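Participant: predicted model and sequence below, questions to follow.
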Amino acid sequence: MATLPQELIDLIITQIDLDDCRASQTLSSCCTIARCFLSTSRARLWSRFTILENSTSAAELHDMLVSSGTLAPLVRTIAIWCFEDLRMETLRLFNNVTHVEFMGRLEFLPDEVAEYIAESWNVSAITFRETAFDDICMDLIPLLHEFSNLKEIRFLDCECRGYRLTHEDVAGRRAYANVVVAAPESLYMDLTSSGIGITEIILAKPWIFSLERVRCLTLAFHPQESISERSEATMHKIFNALPQPLQELSLRHHDSLSLEDDSKLIPIARIPHISFDIYQGNRPLETMKWWIRNLQDAWANQRDSWAIREIHVNVIIDSWERYVGKGVFDDLLVPDVWISLDEILAAVPLRKLVVRVHAAQSIDDEEVLEFEPLLKGLFLLSRKRKEFFWVETLRLLNYS
């Protein structure tokens with residue numbers, strides 16, 4: 001077999017998206033192809049590690065890490081379920097972790113675990129995934145206060161049950177009243193019914209959670225949200241609270257916004273990197289029309305301040321089951337709307353235009369193969385640009 005340059009092999013392997021549900025199997029296979037594939041494939045495969053509750057499987061995994069001696073140093077991200085009897089001996093195996101994910105009820109996280117992580121690892125990113133905060137003054141704020149080098153914070157499907165920081169609070173709480181505990185450069189906020197409370201607290205208490213340094217912002221909504229007006233109002237408050245223009249803006253599942261109201265367009269002209277979703281089954285045409293108007297308005301009325309250099313369009317196809325009795329692509333692939341989107345994307349100056357498809361695991365490969373050429377055919381003008389990139393369809397695992 002002809003030998004490829006090692007740099008090319010490494011580049012190919014690093015293109016495997018870890019959020020794709022097939023990533024683990026693909027990387028495991030790459031580890032067995034040849035020695036030149038092993039190092040990078042194994043590093044990617046073991047870059048993320050989940051610590052579950054104490055169990056037989058957890059003990060076996062711990063023993064394997066100890067016996068190998070080479071796997072634990074590869075871990076960069078650790079996901080921790082918050083419970084009171086975490087295995088500290090497992091945590092002590094890792095020394096190169098830079099990203100920690102907390103899941104579950106945060107008040108169950110032992111203080112010694114939080115202190116060890118803050119003191120022993122150089123953590124620059126924290127994700128709260130499906131995390132419950134009983135009183136953020138007692139769980140979230142003290143935890144963030146432990147970390148001095150945080151650059152990125154993400155709240156994904158979290159729930160905030162309370163916040164009672166007042167002048168009458170006990171002395172232990174008052175210690176955080178006038179101290180900035182976090183000033184991230186990258187922020188992912190959840191504006192759904194469960195997570196919007198956290199965002200509102202952040203906006204209301206800027207001396208605790210500062211937005212001064214935020215340059216990369218992701219806002220996640222929920223399809224057909226009953227609190228869409230509240231979410232939209234909060235989104236605009238965030239934009240108004242940011243002291244400087246963003247470098248990156250991503251909107252996820254934002255089809256619950258007032259997509260027909262031109263007065264609620266967002267200021268995007270000065271944001272170099274834009275990413276947005278077109279979600280099948282959840283007002284995809286309205287979403288596209290809204291972005292068409294946003295881009296047209298920015299190009300027509302803010303051309304002097306135009307700074308957009310990169311746009312990512314994420315087309316998400318979920319399940320065909322809801323489309324029984326009709327064409328599965330009928331509500332998504334409406335040519336007139338796609339042509340209008342294609343025209344504005346082809347007209348504005350860009351350095352990179354990326355179109356990618358995310359497909360649910362339930363969708364057959366044959367259906368994906370049918371969908372891709374249909375979608376590609378709707379980007380007639382954009383595909384002629386040298387800046388256009390088509391990304392191979394990913395299978396959804398944790399799309400965020």
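Facilitator: Arrived safely, thanks for sending. Numbers count the residues shown, from 1 in each chain.
Participant: can you give me the strands for this protein?
Facilitator: In the chain, the strands defined using DSSP state E lie at 48-51, 77-81, 99-105, 125-133, 152-156, 159-160, 186-190, 216-220, 248-252, 273-279, 310-317, 352-359, 388-395.
Participant: would you format the ones you listed as TSV with mean pLDDT included?
Facilitator: What follows is the strands of the chain, written out as TSV (pLDDT from 0 to 100):
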stretch	mean pLDDT
strand 48-51	85
strand 77-81	91
strand 99-105	93
strand 125-133	92
strand 152-156	93
strand 159-160	81
strand 186-190	93
strand 216-220	94
strand 248-252	93
strand 273-279	93
strand 310-317	91
strand 352-359	90
strand 388-395	82
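Participant: could I get those strands as TSV with mean neighbour count and distance to Trp291?
Facilitator: (Glycine included, C-beta is placed from N, CA and C.) Formatted as TSV, the strands of the chain follow (neighbours: other Cβ atoms under 10 Å; distance: least, Cβ to Cβ, whole Å):
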stretch	mean neighbour count	distance to Trp291
strand 48-51	18	32
strand 77-81	18	31
strand 99-105	20	30
strand 125-133	20	27
strand 152-156	21	23
strand 159-160	20	30
strand 186-190	22	20
strand 216-220	20	14
strand 248-252	20	9
strand 273-279	21	6
strand 310-317	20	8
strand 352-359	19	13
strand 388-395	16	17
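Participant: save those strands as TSV, and put in distance to Ile33 too.
Facilitator: Listed next are those as TSV, based on distance: least, Cβ to Cβ, whole Å:
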stretch	distance to Ile33
strand 48-51	21
strand 77-81	25
strand 99-105	28
strand 125-133	31
strand 152-156	33
strand 159-160	44
strand 186-190	35
strand 216-220	35
strand 248-252	34
strand 273-279	33
strand 310-317	30
strand 352-359	26
strand 388-395	19
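Participant: ok, the nearest residue to Leu350 once chain neighbours are set aside - contacts?
Facilitator: Of all residues not flanking Leu350 in the chain, Glu387 sits nearest, at 5.4 Å (Cβ to Cβ, 6 or more residues apart in numbering). By Cβ atoms under 8 Å, 6 or more residues apart in numbering, the contact set of Glu387 is Leu350, Arg351, Lys352, Leu353.
Participant: closest one of those to Thr70?
Facilitator: Lys352 (36.9 Å; Cβ to Cβ).
Participant: tell me the bridge partners for the closest one.
Facilitator: In this structure, Lys352 bridges to Glu310 when assessed by DSSP bridges.
Participant: ok, Leu249 next?
Facilitator: Taking DSSP bridges, one obtains Leu217, Ile274 as the residues bridged to Leu249.
Participant: how much space separates it from His312?
Facilitator: 11 Å (Cβ to Cβ, to the nearest Å).
Participant: Ala359 too?
Facilitator: Ala359 is 17 Å from His312, by Cβ to Cβ.
Participant: now Phe276
Facilitator: Applying Cβ to Cβ, the value for Phe276 to His312 is 8 Å.
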